[in-house]
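*Asks:* Whatever this is, show me its structure:
(chains A and B)
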Amino acid sequence: MRGRVRGAMARRPRAQSALAGSTRTRRPWIRRLLLGALAIVLGAAAAAGLYQVSVQPGAAIVKAVFEAGSEVTPPADYESIAQTVTETRGVVITAPTPGTPDSTLNLYAPSIPHTGLPVVLWIHGGGFISSSADTVKQYVTMLAAQGYVVANLDYSLAPDARYPVALEQANAALSYLGTHATDFGADPSLLFVGGDSAGAQIASELAAVQTNRALADSVGLAAAVTPVDLRGVVLFCGLYDMQTVGSIGFPALRTYLWAYTGARDYSSFAAVDQLSTTQTATNAYPPTFITVGDADPFRSQADELAASLSGRGVPVTSLTWDGTGDRLGHEYQFDFSLPEANTAFTDTVRFLASRSENR
Amino acid sequence: MTPADSPAPRRRTRVGRVLWPIAWVLLALASATVTYLLLVIIGR
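*Replies:* Numbers count the residues shown, from 1 in each chain, chains lettered A, B, ... in the order given. The predicted model follows:
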């Protein structure tokens, strides 16, 4: 009897919970699905809001991705080449503009005694927000081994340092090289500027500042050297026209230019035209060597600059590629496992040599 | 004791009460991360 009562009491709640369960079993899943969908929507909305408010997180992500790997794949004999070059690190360059931070130059020159060598100021890439001079150290070492003093600029990065800080620092570095060239066995009348990617944009604008007084005035800079001493410009896969660059589909471009200009929509940046070398170059612009890969989204930018310079009567040496099966991506010039990169290097040196001789 | 008498279903419910909110928060974070990365890469 006792056992039956206990059994009945035990069964009754179970029957109730089964009834209650029949209504609960569907509702929790619907509720959970709805809450899951809400979580997805809220997360996406929060991300979209953050993306519109601040460039800092995006810049930090892109910077981390950029700096994850070295940019240069040197040739097999790089170590023996590097032994012929002397490195001088950390030459501090003080910009004349108050408030502009110092930058540094790392100098690379042939180890053998030398005088009167041409000087190349190299400006590294990294979307204005990442990388350092050392990411192209192997490349500039190889250039130096060909008989050049190469000054590798470490400039201040965006978004902490916004336009035109990097340009001012590059201008100050060029001024320093023009003044002190003889101190390190170089010829101050044989100056070149060059760069890759974002560094190519800075280098191209730096050359424009030397040869376009109106641009220099609008930026607030004085030309660092006389135009005749700036013998040439070397540009690898850069961006040169701010009106058209937005349509090329380069990843994270908006983040780079937002960080660099400080304008969320860079096309609305008050000084955006200063960054377009296609517009600011004059007929006094130095002879220019331009190269870009066939799979590089910046290909059209190189073509536009080449056409713009040629239209102004500026000598342009252009190395572009067709028929490689779109193998040559952004900064192919630094991947010496590619025969095309070796060709680009040879052509770059040939350009520098021809411009150094043609006084 | 039959399987239906087992306290296991109730224990799962309690665990579920804790785990589901965590799952929603993680889902929101994953959604935010993917959305943010896509926006940065696409650049719109």
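
*Asks:* Could you pick out the residues of chain B near chain A for me?
*Replies:* Contact residues (CB under 8 Å from any CB of the partner chain) of chain B with chain A: B:4-5, B:20, B:23-25, B:27-33, B:35-37, B:39-44. In short, each C-beta sits where N, CA and C put it, glycine included.

*Asks:* Most proximal residue of chain B with respect to chain A?
*Replies:* residue B:31 (3.1 Å; CB to the nearest CB).

*Asks:* Now do that residue, the pLDDT please.
*Replies:* Note for residue B:31: predicted pLDDT of 95.

*Asks:* Poorly predicted segments of the chain, please.
*Replies:* The chain I'm using is chain A. Residues of chain A that meet the criterion pLDDT under 70 lie in A:1-26, A:69-70, A:358-359.

*Asks:* sorry, should have said chain B
*Replies:* Along chain B, segments meeting pLDDT under 70 span B:1-12, B:44.

*Asks:* how about the helices of it, start to end?
*Replies:* Applying DSSP state H to chain B gives helices spanning B:8-42.

*Asks:* middle-most residue in it, spatially?
*Replies:* Computing the C-alpha centroid of chain B and ranking residues by CA atoms, centre = their mean puts residue B:23 first, at 1.6 Å.

*Asks:* Identify the residues contacting that one.
*Replies:* Contacts for residue B:23 (CB atoms under 8 Å, 6 or more residues apart in numbering or on different chains) come out as residue A:36.

*Asks:* mind redoing it with 10 Å?
*Replies:* Shown in contact with residue B:23 (CB atoms under 10 Å, 6 or more residues apart in numbering or on different chains): A:32, A:35-36, A:39, B:16.

*Asks:* got it, and residue A:152?
*Replies:* Contacts of residue A:152 by CB under 10 Å, 6+ apart are A:87, A:89, A:104-108, A:120-124, A:132-137, A:139-141, A:143-144, A:173.

*Asks:* Determine how far stretch A:252-272 lies from the middle of the whole chain.
*Replies:* Its chain's average C-alpha position is 14 Å from that of stretch A:252-272, according to CA atoms, centre = their mean, to the nearest Å.

*Asks:* Format the CA atom coordinates belonging to that stretch as CSV.
*Replies:* Below are the C-alpha coordinates for stretch A:252-272, written out as CSV (Å, rounded to 0.1, in the frame of the first residue of the first chain):
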residue,chain,number,x,y,z
ALA,A,252,41.5,47.6,-47.3
LEU,A,253,42.3,50.7,-49.4
ARG,A,254,39.8,52.8,-47.5
THR,A,255,41.4,51.9,-44.2
TYR,A,256,44.8,52.9,-45.5
LEU,A,257,43.7,56.2,-46.9
TRP,A,258,41.4,57.0,-43.9
ALA,A,259,44.4,56.4,-41.6
TYR,A,260,46.7,58.5,-43.8
THR,A,261,44.4,61.4,-44.5
GLY,A,262,42.3,61.4,-41.4
ALA,A,263,39.2,61.6,-43.6
ARG,A,264,36.8,58.8,-43.3
ASP,A,265,36.0,59.3,-47.0
TYR,A,266,39.4,60.1,-48.4
SER,A,267,37.9,61.6,-51.5
SER,A,268,36.5,64.4,-49.4
PHE,A,269,39.9,65.1,-47.8
ALA,A,270,40.7,68.8,-48.5
ALA,A,271,44.2,68.1,-49.8
VAL,A,272,43.4,64.9,-51.7
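
*Asks:* residue ranges of the strands in the stretch 101-250 of chain A, please?
*Replies:* Remark: strands assigned in the stretch 101-250 of chain A by DSSP state E, counting those that start in this stretch are A:103-110, A:117-123, A:149-154, A:186-196, A:230-236.

*Asks:* Looking at the ones you listed, which is nearest to residue A:328?
*Replies:* With CB to CB as the criterion, residue A:328 lies closest to strand A:230-236 of the strands of the stretch 101-250 of chain A, at 11.5 Å.

*Asks:* now for that closest one, which elements pack on it?
*Replies:* Contact here means 3 or more CB pairs under 10 Å, 6 or more residues apart in numbering or on different chains; DSSP states H and E; on that basis strand A:230-236 packs against strand A:117-123, strand A:186-196, helix A:198-211, strand A:288-291, helix A:299-311, strand A:316-319, helix A:339-357.

*Asks:* what angle do that strand and strand A:186-196 make?
*Replies:* Per axes from the mean of the first three to the mean of the last three CA atoms, to 10 degrees, the angle that strand A:230-236 makes with strand A:186-196 is 20 degrees.

*Asks:* What pairs with strand A:230-236, parallel or antiparallel?
*Replies:* Here strand A:230-236 has these sheet partners by DSSP bridges: strand A:186-196 (parallel), strand A:288-291 (parallel).

*Asks:* Show the buried residues in the contacts of residue A:152.
*Replies:* Listed as buried from these are A:87, A:104-108, A:120-124, A:132-137, A:139-141, A:143-144, A:173; burial here means 16 or more other CB atoms under 10 Å in any protein chain shown.

*Asks:* From residue A:236, how far off is the closest residue to residue A:135 other than its chain neighbours?
*Replies:* Nearest non-adjacent residue to residue A:135, counting by CB to CB, 6 or more residues apart in numbering or on different chains: residue A:71, 4.6 Å away. As judged by CB to CB, to the nearest Å, residue A:71 and residue A:236 stand 11 Å apart.

*Asks:* Mind jotting down where the helices sit in chain A?
*Replies:* For chain A, helices defined by DSSP H occupy the ranges A:2-24, A:26-53, A:56-66, A:78-82, A:137-145, A:165-180, A:198-211, A:213-219, A:253-261, A:277-280, A:299-311, A:339-357.

*Asks:* Among those, which comes closest to residue A:333?
*Replies:* Proximity to residue A:333 (CB to CB) singles out helix A:339-357 among the helices of chain A, at 4.6 Å.
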